[in-house]
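[1] curious how this folds, go ahead:
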Amino acid sequence: MTAAGATFLLLLVCGRAAFTAARSLNAPQDEEADGTGTGVDGRRRLLEKIRPFAIVDGQRRSLAEALQYGHPDQLQCGMEVGGRLLLLDLEKNHDLLPKPPSVFYYLPNGTGVSVNTDPVTHCYYHGSVRGFPRSRVALSTCFGLRGIVAINATLSFELQPQDTGHHHQHLDQGEVGGGGSGGSGGGGADEEEGVHLLFSTHPQKDNAGGCGVSHTAAPRLHSPSHTHRRKRDILSETKYIELVLVVDHQEFLNYQKNNKTIIYRMLDVANQVDWFYRPLNVRVALTGLEIWSDRDKIRVEKSPTDTLNNFLEWRNRELLPRLRHDNAQLIMGGAFDGTTVGMASQSSMCSRDRSGGVNVDHLVSVLGVASTVAHELGHNLGMSHDTAERSCSCQTEPRLGGCIMEPSTGFMPGQQFSSCSAADLSVSLLHGGGMCLFNVPQPDRLLGGPRCGNLYVETGEECDCGLLEECDDPCCNASTCQLVPGAQCSSDGICCQDCKLRTAGSVCREPLGECDLPEFCTGSSPHCPPNVFLQNGESCEDGASYCYGGVCASMNAQCQMLWGPNSTSAPAVCFSSVNKQGNKYGNCGQLINGSYIPCAHSDVHCGRIQCQGGRERPLLGTNAEILTTTVSFNRSDLVCRGTFFHLGDDVSDPATVAQGTACGHRKACLNQKCQDVSVFGVDECRRKCNGHGVCNSNQRCHCDAGWAPPDCRSSGLGGSVDSGPTRAEEESDPVRVALLVIFLFILPVVLLFLVLRFPRFRRSLFCLGPNSPFNKARQHNRTPAMERVDGSNGEQVRPLRYQLNTQPGIPLTPPSKEVHDRPAPPTKPLPPDPALKSYTQVTSPEQSVHSDV
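    Numbers count the residues shown, from 1 in each chain. Model (predicted):
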């Protein structure tokens, strides 16, 4: 290794000793004025001051000069680190933002204002370091270079401009403490222009602080064989999280009430969160940003649980009706009690009432809050913590920050997901989680307009497989975004096979259970239609349970998730005995003061889950408290079990009866209340389907086979306007079409030609010939005798017509003896069909004439 290379590595490795805080630590920002207190900002050690530059047409240019006319789609930058030149190849992250992005803020009088025009310039990039195959870069160029440069799994650093006065007021003072001079000190403006600060992204040592989650393994609801039977190709299909960030009032105050500054910071956060999830084939698109500029819209409590519940209730009531999205995260400028900086609901992605989280913006560094948001999103997606018991594989050692789902990490948390996180995500998706993530965002909503290479097919493009160096699609020309000659589609779509569109009606996304619906190729698009599932409140398990969020909400399934495959729901007497107590083991919720609410008699099945059987300890944690209750039932004692989990402050309790679970006849649990299923509106929706279909998650009819959407009133192919036809149109089946053409057109023409060209064929076809089946049958049924014909000169007889035709020499004079009405009996039995031969034998003039064959 060269001296320059050694210096480069030494700078980055030594920088890891600069950080001691944990993910869950939150220190007040106002303690960071001198960089020597216990606050977070002073803990970062400056590695080096550098001057990045841009490369334009092979020439070195300053960033200001290169970006004076805007931010190009592709950008090359260079920087000298430790005496070594690093070249960054950057590409705009066009998947990040919709067009126009929805920004909502409030006037001082409380009036909400929605900004429909582009409030910011797109200046957010992903890329790599040239010469380092495993490198990854996520930067913004809005005000200099700001973001992450990862050389490999164990070597990365953070970059930001020295002049950060437009951001937080403590940025310049706290960031440099312990490693260099202040942001604006030492030298004139010209000397400091373009200077950037380089920091390490790894902690000094492990810290015992954290959220305390102790998952041992991700729960499996079904056996491996059952999972394999239902498995769809979920890993190869890109998932999209349409995210909304909500900024509370304290965060607004922390950034001097400057909406534009907050917008740029949140876009930085979203860009890095997208960067974290990209290796999992999950994209994060910021579809909305709301700033509580006048006041908080909820009670922001010191308790993370209360704040989370308040925020999710507000999201369901206020945010979802006016802005469609998959998940919402609250960014707070204040702090929770203790060391918690975030909390989210486990396995709640896409649900209307629980898909979201709360996060404290506890660092000046964007990386800190971005990793916290990624961590809480991971819990929403079903990811558990990476604990020692799980033996997860992480490319970064825990002492260097570990992976994103570490329960306790260094001040700068991990920047990648472990093998456990990838497995958790796969299991969650296979069991119905994340139903909304398979919907591809509309390309016309992308910020920046159409552009070849952004992985979206836009106006004027036939395909888009990315940049030339990353495209591996044999059907698409990456340079022109046009299909290659002979191709019908691009192979990045599930409904494209060997560059040809799959037949309409081909299943492209199989259902994951009885509450999910299949999707079918349309025959005109290479992409599978957006994912839909049965409407909440549709029955499942033969009417014993109800669907909720695409999953059959069953107490038995929840017990199996907690206690293993042999566990079942306890009898009703257990729920009544435990959940009326109003303690942490049995309740129907909590009050603001932390006290537990006893369940009313009608709601006991919507409190804490009570189970029987299964494993000795729950699957979800090693430190769970187990409550065993013995109750008398039918003159015998029953043992039922409940549990209270210590899963950490950033994960809500999974032992509460799940939403949508049946709690009585035509009743289901909603918000820990047993309510009539009519609240779901299933019956009202089904009336639109005329008895020939069910309602999907878009409240539209999914018709049975043989009935046509949208109302299942007329005959058709089944399916819905959302999921595509259940089978191909008749004319789209080549074999069927060919057979119809042959029998309806070609065969009649051939027969007509034969009839007109060949008279014998005509006689045979229309049963007119002597050997026709008609005449043969007639001959068989008639008695082969002479007919009596009255004449003027006495009695005259004549042979049968078929005898005359075959024996023209038979005499026509009457015989000398009287002809009997019937011939003499034959000397041997008649053959089966005497009409098969026309040979006639006349024995003598005195004998009767008959056929003897």
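[2] okay, CA-based contacts and neighbour counts for the rest of this
    Fine.
[3] Gly594: which element?
    For Gly594, there is no host helix or strand (DSSP states H and E).
[4] what about it, neighbour count?
    11 (other CA atoms under 10 Å).
[5] also Asn583?
    Counted with other CA under 10 Å, the neighbours of Asn583 add up to 16.
[6] try the one 4 residues further on
    Here the neighbour count serves as a burial measure; for Asn587 (other CA under 10 Å) it reads 27.
[7] so it sits right up against Pro598, yeah?
    Yes. Counting by CA atoms under 8 Å, Asn587 does reach Pro598; the two are 4.9 Å apart.
[8] joint contacts of those two?
    579-581 (CA atoms under 8 Å, 6 or more residues apart in numbering).
[9] what residues sit buried inside stretch 519-539?
    For stretch 519-539, the neighbour count (16 or more other CA atoms under 10 Å) marks 519-523, 525-539 as buried.
[10] hmm, who's touching stretch 554-573?
    219-222, 545-546, 605, 609-620, 631, 633, 640, 655, 657-658, 661-662.
[11] pLDDT on that stretch, on average?
    For stretch 554-573, mean pLDDT is 91.
[12] quick one on the thing from earlier: for the shared contacts of Asn587 and Pro598, which one is nearest Leu280?
    Nearest to Leu280 out of the shared contacts of Asn587 and Pro598 is Asn579 (CA to CA; 40.3 Å).
[13] what residues are up against the residue nearest to that closest one when sequence neighbours are not counted?
    Distances taken as CA to CA, 6 or more residues apart in numbering place Gly586 nearest to Asn579, at 3.9 Å, with adjacent residues excluded. Going by CA under 8 Å, 6+ apart, Gly586 touches 578-580, 598, 607-608.
[14] and Gly586, how far from Val639?
    Separation of Gly586 from Val639 (CA to CA, to the nearest Å): 15 Å.
[15] tell me where the stretch 601-750 of the chain has helices.
    In the stretch 601-750 of the chain, the helices defined using DSSP state H, counting those that start in this stretch lie at 682-686, 734-741, 747-757.
[16] which pLDDT value does the model give the nearest residue to Thr154 once chain neighbours are set aside?
    Nearest non-adjacent residue to Thr154, counting by CA to CA, 6+ apart: Thr396, 5.4 Å away. In this model, Thr396 is scored at 77, pLDDT.
[17] residues contacting Thr396?
    Taking CA under 8 Å, 6+ apart as the test, what Thr396 contacts is 153-154, 402-403, 414.
[18] what bridges to Ser636?
    For Ser636, the beta-bridge partners are Phe633 (DSSP bridges).
[19] tally of neighbours for it?
    Residues lying near Ser636 (other CA under 10 Å) number 8.
[20] looking at it now. What's its pLDDT?
    Ser636 is assigned a predicted lDDT (pLDDT) of 81.
[21] where's it relative to Gly378, distance?
    Taken as CA to CA, the span from Ser636 to Gly378 is 45 Å.
[22] likewise for Cys712?
    Distance from Cys712 to Gly378, by CA to CA: 40 Å.
[23] can you check Val115 too?
    To Gly378, Val115 is 30 Å away according to CA to CA.
[24] thinking again about what came up before, next, format the contacts of Gly586 as JSON lines and append pLDDT, distance to Ala388 and neighbour count.
    Putting the contacts of Gly586 into JSON lines (pLDDT from 0 to 100; distance: CA to CA, whole Å; neighbours: other CA atoms under 10 Å) gives the following:
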{"residue": "Val578", "pLDDT": "94", "distance to Ala388": "34", "neighbour count": "27"}
{"residue": "Asn579", "pLDDT": "95", "distance to Ala388": "34", "neighbour count": "27"}
{"residue": "Lys580", "pLDDT": "94", "distance to Ala388": "38", "neighbour count": "19"}
{"residue": "Pro598", "pLDDT": "96", "distance to Ala388": "37", "neighbour count": "21"}
{"residue": "Gly607", "pLDDT": "95", "distance to Ala388": "32", "neighbour count": "31"}
{"residue": "Arg608", "pLDDT": "94", "distance to Ala388": "29", "neighbour count": "27"}
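[25] now flag whichever of these is closest to Lys49.
    Of all the contacts of Gly586, Lys49 sits closest to Arg608, with 56.0 Å by CA to CA.
[26] is that closest one in contact with Asn583, as I believe?
    No. Assessed by CA under 8 Å, Arg608 is found out of contact with Asn583, at 10.2 Å.
[27] which pLDDT value goes with Glu730?
    46.
[28] oh, that last question was meant for Gly382, not what I typed.
    pLDDT, Gly382: 89.
[29] show me the protein divided up by domain.
    3-108+120-182+193-213+230-437, 547-680 (automatic domain parsing).
[30] His665: how many residues sit nearby?
    Neighbour tally, His665, other CA under 10 Å: 11.
[31] thank you, goodbye.
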